[in-house]
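Trainee: Sequence first, then the predicted structure:
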Amino acid sequence: MKIYEPANIRNIALLGHTGTGKTTLAETLLFNAKSINRRGTVEDRNTVSDYHELEQERANSIFSVPMYLEYKNKKINIIDSPGFDDYIGEAISAAYAADVGVITLNSQNGIEVGTDNLWEQCKKMDKPVCFVINKIDVEQAKFDENIDLLKNRFGGSATIIQYPTKVGAQFHAIIDLLSMSMFDYKSEGGHGEKKDIPADEIEKAENLRNELIESIAETNEDLMNKYLETEALDDSDIINGLKN
């Protein structure tokens, strides 16, 4: 068994209201990292994390389940937690064990009761939170509206790192503001084909990247001074500032 140094281990907890796609996200992460060779679905009752017969019977997570994958020589431990309030103790335990809470939202429904509850729990634990707006390929999917909701409910530090070029049935690509690239996805998923940002998206991407950099600079006096002097930050400043 491969041994990982502590510096090369990351622990994340998938949290969120029931039906926001946590188990499907976990399955996709494992599949893209080649930890599994076929991607199961909740509907087919063959996902890695929903292995218990009760979960398969109900098509819902009941227990928090640890999994792991390797990415860029880092071991990433993933804990898929249940979304029903009846099992919130499982989700709280998962958050305690993790370095970061990844809170998923159903793009059709936005912020739900479970979102608020898990945000409050992460705040109590002083855990950083990453929001994933999920299910953006379905009808009535909303992205910009959910970003506004997140900012209004949880504060302006909720800042976009990636955004879709289109939502709903037209979804096929995301813009990554760290690499300033577009990733075009085929229907089967995978890592996506890296492309240049289309001309009609450049202005929006640059504005959102500036918002991201400003948000990062505000967390550190040295970064803020550098940003005020140069109106820019190096890539290493952005990555390290984002981690901090």
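Mentor: Okay, I see it.
Trainee: Which of the three states applies to Ile239?
Mentor: What DSSP: H, G, I helix; E, B strand; the rest coil gives for Ile239 is helix.
Trainee: Just give me the neighbour total for it.
Mentor: Here the count is done by other CB atoms under 10 Å, and Ile239 has 13 residues near it. Backbone N, C-alpha and C define where each C-beta goes, glycine included.
Trainee: gap between it and Asn77?
Mentor: Note on Ile239: its distance to Asn77, by CB to CB, to the nearest Å, is 21 Å.
Trainee: By mean pLDDT, flag the weakest helix or strand of this structure.
Mentor: When each helix and strand of the chain is scored by mean pLDDT, DSSP states H and E, helix 53-58 comes last, with a mean of 65.
Trainee: Poorly predicted segments of the chain, please.
Mentor: Along the chain, segments meeting pLDDT under 70 span 1, 51-52, 54-60, 187-190.
Trainee: For it, which segments are assigned as helices?
Mentor: Residue ranges of the helices in the chain, as given by DSSP state H, are 22-32, 53-58, 88-97, 113-125, 144-154, 199-217, 221-230, 235-243.
Trainee: Could you say which of these is packed most deeply?
Mentor: With neighbours defined by mean count of other CB atoms under 10 Å, none of the helices of the chain is more surrounded on average than helix 22-32, at a mean of 21.
Trainee: residue contacts, Leu242?
Mentor: Ile161, Leu178, Ile216 (CB atoms under 8 Å, 6 or more residues apart in numbering).
Trainee: my guess is the last one meets Ile239, correct?
Mentor: In this case it means Ile216. No. Here Ile216 does not reach Ile239: they are 9.2 Å apart, not a contact under CB atoms under 8 Å.
Trainee: Tell me how far the nearest residue to Asp235 once chain neighbours are set aside lies from Lys124.
Mentor: Leaving aside its chain neighbours, Asp235 sits nearest to Leu178 (7.9 Å; criterion: CB to CB, 6 or more residues apart in numbering). Distance from Leu178 to Lys124, counting by CB to CB: 29 Å.
Trainee: do Pro66 as well
Mentor: Distance from Pro66 to Lys124, counting by CB to CB: 22 Å.
Trainee: For the residue most central in space within the chain, list each beta-bridge partner.
Mentor: Residue closest to the mean C-alpha point of the chain, counted by CA atoms, centre = their mean, is Val132 at 3.8 Å. On the basis of DSSP bridges, Val132 is bridged to Thr104.
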